[in-house]
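> here is my input; please provide its structure:
(2 chains)
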There are 2 protein chains.
Amino acid sequence: MTVVEAPAAPTAPAAAAVPSVPMGQQWLYGSAEGAISIRQTYAQLTSYALAKAKARPADSVIIDEATGKPFACGNKPLAAVFDADETLIWNIGPMRWFALTGSEFDAKTWDQWEKTGTGKAAAMPGALEAMAALRAAGITPIANTNRSATNAAGSEQTLAAAGLGEFKHGETLFLMGDDATGSSKDQRRATIASRWCVVAMAGDQLGDFRNAFNKPEAPPLARRTMATAAPFDGLWGNGWFLFANPVYGPSIRGGFDDIFPPETRWEPQDQQGAR
Amino acid sequence: MTVVEAPAAPTAPAAAAVPSVPMGQQWLYGSAEGAISIRQTYAQLTSYALAKAKARPADSVIIDEATGKPFACGNKPLAAVFDADETLIWNIGPMRWFALTGSEFDAKTWDQWEKTGTGKAAAMPGALEAMAALRAAGITPIANTNRSATNAAGSEQTLAAAGLGEFKHGETLFLMGDDATGSSKDQRRATIASRWCVVAMAGDQLGDFRNAFNKPEAPPLARRTMATAAPFDGLWGNGWFLFANPVYGPSIRGGFDDIFPPETRWEPQDQQGAR
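Down below sits the predicted model:
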């Protein structure tokens, strides 16, 4: 291996060539491993929720941000709360479009996707089996998503067309614009917890669990420390279930010093000092 | 949004600039979400293995490729079998080096890493707790990895220095070169199953479970269908546990037609026909 004096610039494809599929999308949307990771988490969630439904819990897994404690279950009917995008469905339609055109996420294209994507989103691996098992156990699946309330009909139809069953706006589908708190899902979670005993909650990003975790501006390590500290550390895999999404979102951040801790720095011996 | 006539070429960083961290590595090694995904899977594996240890199973979760059936447990001691790289440890040292120098994986650098990486690999989130819980329940962790038998001492020391405890070559550490079958782990798995009752198996790639799945040349969809078909579909999350790794390996493959099924093709209305 030749000594590397300076980092090679990544090879840019010829200008008119079709770009390659991003690695994270190859893994998540295409590979056996990505599908298995998702199925495993759905199986884990289902098993947990069904056990909870048998021995009815006193508390929801939703935190009341006013008190820092879980909402009480009382005699409310059982539910499980899911984010929609990259939690119930894979948004393969627009992700392909963004990758193919070399464009970033943009709000106008996404708005069109919410309106016209019915039939083009795929239920995630294991999601259909999970929805069926939850409903058979008397647990109602509810979606709490930052899709827009303006496009409620499109999102209802998209979820139904993917085979996930009925999600009805205002009853089992909660959208951005349902209240005055914008992209925070906390108030929608409080609304849900006032009506339901929530035995499991799932998403692909920290904001799907508590808005206090949703600090995209925080350095990755600080964000990670916050989300995995007591008393929340014990909830992951036990009421809170996270689906892998290495494709987009506030998890995809950080420079070399953020991602590779200084104590793990290493260089091959024949190249030490090359950088 | 302007109409895109042709895909924009990805922006190449200035030649002498430090490249950015690949998205998959930002997610896996740096983000709260990546850490939580790994911890969740460790918790799932541990819970499963401890339950199995209580009600001793008749069969190992290792398939005898000669018969297609699981190896019998008999009165063998209990074990759990792990791949090492991106299953027990994160190889942050060389991954940083490859990303920083804009270089691909290369065998010579990796060989040096196996020899000199002690103290520079990080135990994956939840791995230490899992090893402790398994050992306390009388389940011996065993590593089956394609690190080289030539570098056995380095890998033993790397695992120990990461806090994972003792893995001893030939007893609880199985390496490429231990037999004449190269990178296939099947024969090593058979050797392990002849000595141990294996209650759980874990890895980040299909080859960590059955070499018959390990067909990097197969189109992604075929590979995925094969690995999730009966009778193996029921093992994922139930004896077989897969850790997310969107960073490297045979899962990271495929062009647009492989990753985005034709039936999910979608374009924003104002840009239809742009491609």
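> contacting residues around A:Met23?
When contacts are counted by C-beta atoms under 8 Å, 6 or more residues apart in numbering or on different chains, A:Met23 touches B:22-24, B:246-247, B:252. Just so you know, the C-beta spots here come from the backbone N, C-alpha and C atoms, and that holds for glycine as well.
> now for these, which pair is the farthest apart?
Farthest apart among those by C-beta to C-beta are B:Met23 and B:Ile252. That separation is 11.7 Å.
> would you mind listing what in the stretch 101-250 of chain A touches chain B?
Contacts of the stretch 101-250 of chain A with chain B, taken as C-beta under 8 Å from any C-beta of the partner chain, map to A:101-103, A:106, A:108-109, A:112-113, A:116-117, A:120-122, A:125, A:204-206, A:213, A:220-221, A:223-224, A:226-228, A:236-238, A:241-247, A:249.
> now go through the residues you listed and say which are in strands.
Counting by DSSP state E, these place A:122, A:241-242 in strands.
> of the residues you listed, just the buried ones, PyMOL syntax please.
To isolate the buried members of those in PyMOL, using 16 or more other C-beta atoms under 10 Å in any protein chain shown:
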select buried, chain A and resi 122+241+242
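> can you tell me which of the ones in strands among the residues of the stretch 101-250 of chain A next to chain B lies nearest to chain B?
Taking C-beta to the nearest C-beta as the measure, chain B lies nearest A:Leu242 of those, at 4.7 Å.
> with adjacent residues omitted, what lies nearest to that closest one?
B:Ile36 (4.7 Å; C-beta to C-beta, 6 or more residues apart in numbering or on different chains).
> A:Pro250 now?
Distance criterion C-beta to C-beta, 6+ apart; nearest residue to A:Pro250, sequence neighbours excluded, is A:Pro216 at 3.8 Å.
> now for the one you found, how many residues are close by?
Per other C-beta atoms under 10 Å in any protein chain shown, the neighbour tally for A:Pro216 reads 13.
> that one against A:Gly254, yeah?
No - assessed by C-beta atoms under 8 Å, A:Pro216 is found out of contact with A:Gly254, at 11.2 Å.
> so where do the helices sit in chain A?
Assigned by DSSP state H, the helices in chain A fall at A:23-25, A:32-54, A:92-100, A:107-116, A:127-136, A:152-161, A:186-195, A:220-227, A:256-259.
> please identify the most buried of these.
Greatest average neighbour count among the helices of chain A goes to helix A:23-25 (a mean of 25), per mean count of other C-beta atoms under 10 Å in any protein chain shown.
> now it: mean pLDDT?
Across helix A:23-25, pLDDT averages out at 96.
> what about that helix, distance to the chain center?
The chain centroid and the centroid of helix A:23-25 are separated by 15 Å under C-alpha atoms, centre = their mean, to the nearest Å.
> chain neighbours aside, what residue packs nearest to whatever residue of the stretch 51-200 of chain A ends up closest to chain B?
Nearest to chain B in the stretch 51-200 of chain A, going by C-beta to the nearest C-beta, is A:Gly93, at a distance of 3.1 Å. Of all residues not flanking A:Gly93 in the chain, B:Trp266 sits nearest, at 3.1 Å (C-beta to C-beta, 6+ apart).
> what do you get for A:Glu114?
Leaving aside its sequence neighbours, A:Glu114 is closest to A:Asn151 (3.9 Å, by C-beta to C-beta, 6+ apart).
> do A:Ala193 as well
In this structure, A:Ala193 finds its nearest non-sequential neighbour in A:Phe71, 3.7 Å apart by C-beta to C-beta, 6+ apart.
> next up, the contacts around that neighbour.
Applying C-beta under 8 Å, 6+ apart, the residues near A:Phe71 are A:59-60, A:62-64, A:190, A:193-194, A:198.
> pLDDT and distance to A:Glu166 for the residues you listed - can I get that in a markdown table?
Converted to a markdown table, these look like this (pLDDT from 0 to 100; distance: C-beta to C-beta, whole Å):
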| residue | pLDDT | distance to A:Glu166 |
| --- | --- | --- |
| A:Asp59 | 98 | 27 |
| A:Ser60 | 98 | 22 |
| A:Ile62 | 98 | 22 |
| A:Ile63 | 97 | 27 |
| A:Asp64 | 97 | 28 |
| A:Ala190 | 98 | 23 |
| A:Ala193 | 98 | 21 |
| A:Ser194 | 98 | 21 |
| A:Val198 | 98 | 18 |
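> which among those gets closest to B:Leu28?
Minimum distance to B:Leu28 across the contacts of A:Phe71 is 26.8 Å, recorded for A:Ile63 (C-beta to C-beta).
> re earlier: pretty sure the residue of the stretch 51-200 of chain A closest to chain B contacts A:Trp113?
Yes - under the criterion of C-beta under 8 Å, A:Gly93 makes contact with A:Trp113 at 6.2 Å.
> between those two, what contacts are shared?
Common neighbours of A:Gly93 and A:Trp113, using C-beta under 8 Å, 6+ apart, are B:Trp266.
> tell me the predicted confidence for A:Glu217.
So, for A:Glu217, pLDDT stands at 86.
> how close does it sit to A:Arg223?
According to C-beta to C-beta, to the nearest Å, A:Glu217 stands 9 Å off from A:Arg223.
> could you pull up the residues touching the residue most central in space within chain A?
Closest residue to the average C-alpha location of chain A: A:Asp204 at 1.7 Å, with C-alpha atoms, centre = their mean. A:Asp204 sits next to A:83, A:85-87, A:242-245, A:249, B:33 when contact means C-beta under 8 Å, 6+ apart.
> let me know the closest of these to B:Ala43.
A:Leu242 (11.6 Å).
> ok, the closest one touching A:Gly203?
Yes - with contact defined as C-beta under 8 Å, A:Leu242 counts as touching A:Gly203 (6.7 Å).
> can you pull the contacts of A:Asp246?
Rather than Asp, residue A:246 is Pro. A:24, A:27-28, A:252, B:23-24, B:27-28, B:34, B:244, B:246 are the contacts of A:Pro246 under C-beta under 8 Å, 6+ apart.
> wait, I meant A:Gly170
Going by C-beta under 8 Å, 6+ apart, the list of residues near A:Gly170 reads A:Asp178.
> mind redoing it with 10 Å?
By C-beta atoms under 10 Å, 6 or more residues apart in numbering or on different chains, A:Gly170 lies in contact with A:149, A:152, A:178, A:191.
> over to A:Gly165?
A:128, A:131-132, A:134-135, A:140-141, A:159, A:172.
> tabulate those (CSV), appending pLDDT.
Shown next, in CSV, are these (pLDDT from 0 to 100):
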residue, pLDDT
A:Leu128, 98
A:Met131, 98
A:Ala132, 98
A:Leu134, 98
A:Arg135, 98
A:Thr140, 98
A:Pro141, 99
A:Leu159, 98
A:Thr172, 98
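> any stretches of the stretch 51-200 of chain A with poor pLDDT?
For the stretch 51-200 of chain A, no stretch has pLDDT under 70.
> if we go to 90?
A:102-105 (pLDDT under 90).
> which of the contacts of A:Met23 sits closest to chain A?
Closest to chain A, out of all of those and judged by C-beta to the nearest C-beta, is B:Pro246, at 3.8 Å.
> where's that closest one relative to A:Gly30, distance?
Relative to A:Gly30, B:Pro246 is positioned 11 Å away (C-beta to C-beta).
> what touches both of A:Glu217 and A:Arg223?
A:250, A:253.
> out of the helices of chain A, flag the one nearest B:Gln40.
Among the helices of chain A, helix A:32-54 comes nearest to B:Gln40, with 6.8 Å by C-beta to C-beta.
> residue contacts, the residue nearest to A:Asp186 when sequence neighbours are not counted?
Excluding its sequence neighbours, the residue lying closest to A:Asp186 (C-beta to C-beta, 6+ apart) is A:Asn211, at 4.5 Å. Listed by C-beta under 10 Å, 6+ apart, the contact set of A:Asn211 reads A:65, A:181-187, A:189.
> could you do A:Ala136 as well?
Contacts of A:Ala136 (C-beta under 10 Å, 6+ apart): A:Leu50.
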